[in-house]
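Enquirer: No sequence on hand, only this structure:
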């Protein structure tokens, strides 16, 4: 049986899970793939701390680049994260002709193009199945399982922290700050939660899925990102009364003329839609393929073991290539501007919308709003006035909620600006997309 | 760019879809996999009939074995179905050193072991991703994505015809025969529906998933199969009142001591369980992996285009191997008796149970049933007496429904036999598993 040597860089949560999986799962993996995987070493700046897994001391090293350079290391697994040392590690490994497996979505979203080009030049693999969806094999499904499909759209719930917060807000009617504090205490959210709750983590992931679906590299700065920070629980409640739950959705969708819509924003999802049932820290991705129609992939999107499962799956795939020394498939992604694709401007994205307006006196207001919206080409689908809360009553404002027919985001923004300028609402109305 | 020649045998629904997909999707597939796929020919006994797709006449042939033997055919796609000619076609192709892609679950479930052994001997691939789950890449997920997981259990809704019938019965309260007749008229069920409604198609599929999860070949005769033929709509209604929907579930599960539970039967699924929301002709597979926990795969399980998607994905994978001439991975599956695994006898399978008993007079009956069940080690979880239907009132019998705590199927059967022998019920009580 051929033997493939593996070196892990980064002995954090996921690194420890992968080391443990390789050591304890060696027999299972060998039986299934016909190769012997041998862990040659694990590099980290701190090899003294207890990581809760049983890895022989002699496998631990602080000499990262020494481990990468070892003759008997064929596959380098980068699990440091971030864009600093991680990038040097991957570059050094690829340059040394080693295949690389990484879970680093930020690095791939920000400088993937250069690293994939280097992998191609050196004829080695750069695999990243753990970067999106944790244990859900969604990267593999898009790359291999759906290879013959034109991808019409992808809708994903890709961040467990946000989904946990939104699930608890919907279930308990709790406020955002309160649930966030709980999530931090339970370890579901970081001390600095911005990457998650402001939608950037989700944006990194949809950028990776877009590159798989359309073969283009979309600059992160071009993706419209709205997070869930400070979401008002009244909107969660109104949405529920109207038959919706609010989810942080990542969307990429192909429109006529090779125009791509790529965005991340809180969205009203009908309660009978498959994504509405995705709760707590779970992730799900709904892919609309030209041949398959909708297929859905659901599971734990994070955590030591789920992420280790995806990394180990990539190690096995890469090891098969190493064992037979075949040419590799990694192709450099052309930047968006060098392809036929263009990005759909945010203001041209069409959706139904949920709008909450705070007015002094609801009487006759829906008619006035309807007129202004109508002047901008927006029709109303449903409208309802809500019982004001104690605070709202004190302030002397009552909420009016409007659901629109499909409209361009730009037209909605223009209509809401006009409504605000007329001085009939307390402040710029709050609005969300409806799926 | 390397060119790989493809020959399709069988120009039925799926064959036509694959030919169409290869011809129309050639550019997309080439861009994604870096290979040129060329359709060399399509063989069928009837090449005159219009198949609704645009395939050049000169590609059609009635000479099946001539097509297989062509020098420029590298991959043979068997889409005849059944175990007769299909088997000869696959054997001829493998013997000629061609890789084979098939969607033929019946053939694989019945004589897969021999064919895989032949593929291995000839160092070629035998891929079968379309045999389970149509367009859902579940075979690939089990083989590659979850390769590092011990599979703890698989629960699947694998037959679209049955799920369509059960969905309509639940939604409308309709009778089995009526919905089956509708399904036949709409083309969702065959004129001879036995393969679907008696559970055999589902059994073929769970047999394939079991071989992927545990690397063993389980004889079909050893799988306990109960279909949905003649399911009484009253049980659908009682289940709903108790918070369940009835689904035809395929289960494979590993127990302590490498004992495998493999079965197919109508099962009560709690309404908030992810599988309960799988309706109409859709399929779904829930896989519990040791690292990932539960992951779910959902989509269209049948149809020309969805199945073609899976076949095309396999053609691409096989073509990559052909292009680089690497050794293949197909390994012969040992029969169950040559492995450490044993099958859990049907009577030892533990589940909660739904039991419907028809009694002359409900008064005091639940207590009598509880005593008898208790003597067999079975506890009651809930019991309810139901309003008899008109017919039941005429016959003078009223239904009593009991839900049990987890119990062995053998103990339930013994208790129900004892109840029947006591002459207090009209006939042997009806029972189903609860998920």
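Expert: Sure thing, it's come through. Since we're looking at a predicted model, the values are computed, not measured. Residues are numbered from 1 along each chain as shown, chains lettered A, B, ... in the order given.

Enquirer: all contacts plus neighbour counts: C-alpha atoms, from now on.
Expert: Will do.

Enquirer: I'd like to know which helix or strand in chain A has the lowest mean pLDDT.
Expert: Lowest on mean pLDDT, DSSP states H and E among the helices and strands of chain A sits helix A:390-395, with a mean of 78.

Enquirer: Now tell me what touches that one from outside.
Expert: Applying CA atoms under 8 Å, 6 or more residues apart in numbering or on different chains, the external contacts of helix A:390-395 come out as residue A:398.

Enquirer: So for the helix or strand following that helix, what gets flagged as buried?
Expert: Following helix A:390-395 in sequence order, the next helix or strand is strand A:398-404 (DSSP states H and E). Residues of strand A:398-404 classed as buried: A:398, A:399, A:400, A:401, A:402, A:403, A:404 (neighbour count, 16 or more other CA atoms under 10 Å in any protein chain shown).

Enquirer: Looking at those residues, which is nearest chain B?
Expert: residue A:403 (26.5 Å; CA to the nearest CA).

Enquirer: Please enumerate the strands of the stretch 201-350 of chain A.
Expert: Along the stretch 201-350 of chain A, the stretches classed as strands by DSSP state E, counting those that start in this stretch are A:224-225, A:244-255, A:259-270, A:282-289, A:293-300, A:342-343, A:350-359.

Enquirer: rank the ones you listed by mean pLDDT and give me the bottom one.
Expert: For the strands of the stretch 201-350 of chain A, the weakest mean pLDDT is recorded on strand A:342-343, namely a mean of 85.

Enquirer: could you say what helices and strands that strand packs with?
Expert: Applying 3 or more CA pairs under 8 Å, 6 or more residues apart in numbering or on different chains; DSSP states H and E, one finds that strand A:342-343 contacts strand A:259-270.

Enquirer: ok, residues contacting the strand it packs on?
Expert: Outside strand A:259-270, the residues that touch it by CA under 8 Å, 6+ apart are A:199, A:202-203, A:206, A:210, A:223-228, A:239, A:243-255, A:275-276, A:341-346, A:349, A:354, A:432-435.

Enquirer: Put the buried members of those into a PyMOL selection.
Expert: Selection of buried members from these for PyMOL, criterion 16+ other CA under 10 Å:
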select buried, chain A and resi 199+202+203+206+210+223+225+226+227+228+239+244+245+246+247+248+249+250+251+252+253+254+275+276+341+342+343+344+345+346+349+354+432+433+434+435
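
Enquirer: Now do the contacts for residue A:65.
Expert: Counted by CA under 8 Å, 6+ apart, residue A:65 has contacts A:89, A:92.

Enquirer: Could you say which helix or strand holds it?
Expert: Here residue A:65, judged by DSSP H and E, is contained in helix A:64-69.

Enquirer: Quick one: mean pLDDT for the helix or strand just after that helix?
Expert: As assigned by DSSP H and E, the chain's next helix or strand after helix A:64-69 is strand A:75-78. Mean per-residue pLDDT for strand A:75-78: 97.

Enquirer: anything in strand A:75-78 near chain B?
Expert: No: Strand A:75-78 stays clear of chain B (CA under 8 Å from any CA of the partner chain), getting no nearer than 15.5 Å.

Enquirer: Following element in sequence after that strand, please.
Expert: Moving toward the C-terminus from strand A:75-78, the next helix or strand (DSSP H and E) is helix A:85-95.

Enquirer: how about CSV for the buried residues of strand A:398-404, with pLDDT and distance to chain B added?
Expert: Below are these laid out as CSV (pLDDT from 0 to 100; distance: CA to the nearest CA, whole Å):
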residue, pLDDT, distance to chain B
A:398, 86, 36
A:399, 88, 33
A:400, 90, 33
A:401, 90, 30
A:402, 92, 29
A:403, 92, 26
A:404, 94, 28
